[in-house]
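Asks: For reference, the sequence and a predicted model appear below.
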Amino acid sequence: MSAAAPPPAPADGLDHVDERLLRTSPTKKLLARPELGSVVGAIAVFVFFSVAADSFLKASSLGTVLYAASTIGIMAVPVALLMIGGEFDLSAGVLVTSSALISSMFSYQMTANVWVGVGVSLLVTLAIGAFNGFMLTRTKLPSFIITLGTFLMLTGLNLGFTKLISGTVSTKSIADMEGFPSAKKLFASTWTVGGVELKVTILWWLALVAVATWILLRTRFGNWIFAVGGGSDAARAVGVPVYKTKIGLYMGVAFCAWIAGQHLLFSFDVVQSGEGVGNELIYIIAAVIGGCLITGGYGSAIGSAVGAFIFGMTGKGIVYAEWNPDWFKFFLGAMLLLATLLNAWIRKRVEATK
Amino acid sequence: MTRVPNGGVRAAIGAVLAVALTAALAGCSSTGGKRAEDARKAAAAQGRAAVDTPRWTFAMVTHSGDGDTFWDIVQNGAKQAAVKDNINFLYAHSDEAQQQAQLIDSYVAKGVDGLIVTLAKPDAMKTAVEKAVKAGIPVITVNSGADASKAFGALTHIGQDETVAGEAVGDELDKRGRKKALCVLHEQGNVGHEQRCAGAKKTFDGALQNLYVDGTNMPDVQASILAKLQSDPSIDAVVTLGAPFADAAVQARKSAGSKAEVDTFDLNAKVADALAAGTLGFAVDQQPYLQGYEAVDLLWLYRYNADVLGGGKPVLTGPQIITKDQAAALKGYTERGTR
């Protein structure tokens, strides 16, 4: 099944056979997948570091790479869906921090069971996501402006509130409070499988990818996302609830920000209020590497996972390869650029053979 | 993916407020939290002006980024000294050199009675500081820029020599019999960070490598340190340059099954705890509280009595090596944000 939006009706007035009814070969189907380019890129990066770094192929290293990828991937999934829906969210990075701060400070200040803070955080975070979507659909301003505004406001609120409530710029430790151990189990536990340490975030990540893929390809909401991203006016004309879809997508980002935020809180039990700035770009880059078009209407959740995996491999591979750290950022940039170029090149070839 | 029914947004916001208000009653923790803190809190002395000198205005301009723990403590020190000295204290910061210089200019234009400046990027601050000195405003430099301070016409410099602090780390690692150390830098391009690691490298008899991590992304910091420890099991010491990163290093060590000792620069409550518990080896404290406090106090002394401290040499606030023995005593101070 193709993940692309249904093409607009041919304008030349000639009689066309509906291409959706055409039989396509499995190879062609595979080539039409949006994440194909990123998979090739991921294999290239994997082979490259397997050769360049001897400790990269060790099982324990794989656990680390997967962990690094999962913390990006959890957010790359909803960001990819949002991008398929034709919008951006620049507030996604700090929203993760906000979510962690809210749970921590609410639990602490109210001396409440940690789970109460976690619940309040979910509601507030979802409300912030709804605010983004609501502002976007009401004002019709570009999402760049709306979420940039939210990004700045959240950055300020994170600092301001933390300082106001805690007296310092980081939260107080909640590790000795009731409910912490069980919450830690859910959001930040570690399993050892065959000598390899795996973080629970990897499970969250895989589950989110599976759910998002199901939504995109098997549900009406998924069709709406593609339709809205392909062209919101056309979508509205055929009865797609454009506003509802977009608000839902922003709330999806918020939901995942909540998961990522709780992981942050329960793995370190103290949250620094200034964190998260800049991460929104990493999520967007992971989605783009994974085959999401910046213009919307095309992409996949699996692609975003592959994008996050490339990020994880590159970031940690450089460490495993023991390269001169002065060049760290350069290598990272070059790898990302190469992966994206390869991705774009393959997509072009695929589209040419269609 | 969450679906919102029509009007669901407003309902959701309403629900948030309702739940936020009632949640406190829903479930309480009998351990930890604010209540425990309040119970712990002894009568903390609320500062009152101890002098009746005129209410002068002192301004401080630092190169701090937003929400930096370290600079928060510096500010706390400065504020408490300001209360005691009957000073109107103003504070501004920017991690962009150009903006920091502009902030200094605006305080000079405002005609403050004293100025406290950090010289992390000395060249960019030169004109602004000299302008202040020319306008007759006494300037004290803090934290960084010991070399440039005097040349720019500042009264004195209060801070820690980063290279000296790094050297102290190298010595301490030697004393602890370490052979291969990792220096974790959380801000690429920070001159002070480079000096610390270079200083440690100089005095450390073993091998020392630098590792750059993204300080705004804590899981990434942890994964990077973990990756490094996995790729080189012979590393037996990890030195982080900021207190929040020490915990990430401890967790990475645990995941890697490494025996490396984790040491750090700067203190916070968690570091004090970990030192007392023995999960951290030692912490290098440059006493940021002292940097803020002394700067305001010395400006006051200069205005009141024309006193200058340091005899033309920087007044050092560190490095103070803190180990298990002192950690318990310092924990209370870290919790109130002054150590």
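Replies: Nice, thanks for sending it over.

Asks: By mean pLDDT, flag the weakest helix or strand of the chain.
Replies: No chain specified, so I'll use chain A. helix A:26-31 (a mean of 72; mean pLDDT, DSSP states H and E).

Asks: That was the other one, I meant chain B.
Replies: helix B:8-26 (a mean of 56).

Asks: My read is that residue B:72 contacts residue B:337, right?
Replies: Yes: the pair residue B:72 / residue B:337 is scored as a contact, 6.4 Å apart, by CB atoms under 8 Å. To be clear about C-beta, it is placed using only N, CA and C from the backbone, and glycine gets the same treatment.

Asks: Tell me where the stretch 151-300 of chain A has helices.
Replies: In the stretch 151-300 of chain A, the segments counted as helices under DSSP state H, counting those that start in this stretch are A:180-188, A:200-218, A:220-230, A:232-237, A:242-268, A:279-289.

Asks: could you dump those helices to JSON lines with distance to residue B:58 and mean neighbour count?
Replies: Conversion of those to JSON lines gives the following (distance: least, CB to CB, whole Å; neighbours: other CB atoms under 10 Å in any protein chain shown):
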{"stretch": "helix A:180-188", "distance to residue B:58": "43", "mean neighbour count": "18"}
{"stretch": "helix A:200-218", "distance to residue B:58": "47", "mean neighbour count": "19"}
{"stretch": "helix A:220-230", "distance to residue B:58": "55", "mean neighbour count": "22"}
{"stretch": "helix A:232-237", "distance to residue B:58": "56", "mean neighbour count": "14"}
{"stretch": "helix A:242-268", "distance to residue B:58": "36", "mean neighbour count": "27"}
{"stretch": "helix A:279-289", "distance to residue B:58": "37", "mean neighbour count": "25"}
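
Asks: residues touching residue B:327, list them.
Replies: B:272-273, B:275-276, B:283 (CB atoms under 8 Å, 6 or more residues apart in numbering or on different chains).

Asks: Apply 10 Å and report the result again.
Replies: B:267, B:271-278, B:280, B:282-283, B:334 (CB atoms under 10 Å, 6 or more residues apart in numbering or on different chains).

Asks: Is there a quick ChimeraX command that grabs whichever of these are buried?
Replies: In ChimeraX, this line selects whichever of those come out buried by 16 or more other CB atoms under 10 Å in any protein chain shown:
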select /B:267,271,272,273,274,275,276,280,282,283,334
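
Asks: Would you point out the most distant pair within the contacts of residue B:327?
Replies: Using CB to CB, the contacts of residue B:327 reach their maximum pairwise distance at B:278 and B:334, which is 17.2 Å.

Asks: residue in the stretch 151-300 of chain A nearest to chain B?
Replies: residue A:274 (2.9 Å; CB to the nearest CB).

Asks: okay, now the closest residue to that residue other than its chain neighbours: neighbour count?
Replies: Computed as CB to CB, 6 or more residues apart in numbering or on different chains, the closest residue to residue A:274 that is not its neighbour in sequence is residue B:67, at 2.9 Å. The local packing of residue B:67 (other CB atoms under 10 Å in any protein chain shown) involves 23 other residues.

Asks: Give me the mean pLDDT for stretch A:267-287.
Replies: In this model, stretch A:267-287 has a mean pLDDT of 89.

Asks: Apologies, that question was intended for stretch B:206-222.
Replies: Stretch B:206-222 shows an average pLDDT of 89 in the prediction.

Asks: For that stretch, which residues meet the burial criterion?
Replies: Buried residues in stretch B:206-222 (16+ other CB under 10 Å): B:206, B:208-222.

Asks: Keep only those of these that are also close to chain A.
Replies: With CB under 10 Å from any CB of the partner chain as the criterion, those include B:209-222 near chain A.

Asks: In the stretch 201-339 of chain B, mark out all the helices, start to finish.
Replies: Counting by DSSP H, counting those that start in this stretch, the helices of the stretch 201-339 of chain B are B:218-231, B:243-256, B:269-277, B:288-305, B:324-335.

Asks: hmm, back to that, summarise which helices and strands the least confident helix or strand of chain A is packed against.
Replies: Identification of packing neighbours for helix A:26-31 by 3 or more CB pairs under 10 Å, 6 or more residues apart in numbering or on different chains; DSSP states H and E yields helix A:328-353.

Asks: Dihedrals phi and psi, the closest residue to residue A:254 other than its chain neighbours?
Replies: Among residues not flanking residue A:254 along the chain, residue A:129 sits closest, at 2.6 Å (CB to CB, 6+ apart). Residue A:129 has phi and psi values of phi -60, psi -40 when expressed as degrees, to the nearest 10.

Asks: Likewise for the one 5 residues further on?
Replies: When quoted as degrees, to the nearest 10, the phi and psi of residue A:134 stand at phi -70, psi -50.

Asks: quick one: it and residue A:254 touch, right?
Replies: No: with contact defined as CB atoms under 10 Å, residue A:134 does not count as touching residue A:254 (12.0 Å).

Asks: Common neighbours of these two, please.
Replies: By CB under 10 Å, 6+ apart, residue A:134 and residue A:254 have these common neighbours: residue A:127.

Asks: returning to that earlier point: export the least confident helix or strand of chain A as PDB, just CAs?
Replies: Extracted in PDB, the C-alpha atoms of helix A:26-31 (Å, rounded to 0.1, in the frame of the first residue of the first chain):
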ATOM      1  CA  PRO A  26       6.200  -6.000  -5.100                       C
ATOM      2  CA  THR A  27       9.600  -4.500  -6.000                       C
ATOM      3  CA  LYS A  28       7.900  -1.300  -7.300                       C
ATOM      4  CA  LYS A  29       5.800  -1.200  -4.100                       C
ATOM      5  CA  LEU A  30       9.000  -1.400  -2.000                       C
ATOM      6  CA  LEU A  31      10.700   1.300  -4.100                       C
END
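
Asks: Packing partners of the helix or strand following that helix?
Replies: Next helix or strand after helix A:26-31 toward the C-terminus (DSSP states H and E): helix A:36-52. Applying 3+ CB pairs under 10 Å, 6+ apart, we find helix A:36-52 packed against helix A:59-84, helix A:279-289, helix A:301-320, helix A:328-353.

Asks: I'd like to know how far the nearest residue to residue A:97 once chain neighbours are set aside sits from residue B:124.
Replies: Leaving aside its sequence neighbours, residue A:97 sits nearest to residue A:276 (CB to CB, 6+ apart; 3.6 Å). Computed as CB to CB, to the nearest Å, the residue A:276 to residue B:124 distance reads 28 Å.

Asks: Residue B:297 reaches residue B:309, doesn't it?
Replies: Yes: counting by CB under 10 Å, residue B:297 touches residue B:309, with 9.3 Å between them.

Asks: Just say helix, strand or coil for the nearest residue in space to residue A:295 that is not next to it in sequence.
Replies: In space, residue A:295 comes closest to residue A:86 once its chain neighbours are excluded; the distance is 7.3 Å by CB to CB, 6+ apart. State at residue A:86, reduced to three classes by DSSP: H, G, I helix; E, B strand; the rest coil: coil.

Asks: Appreciated, that's everything.
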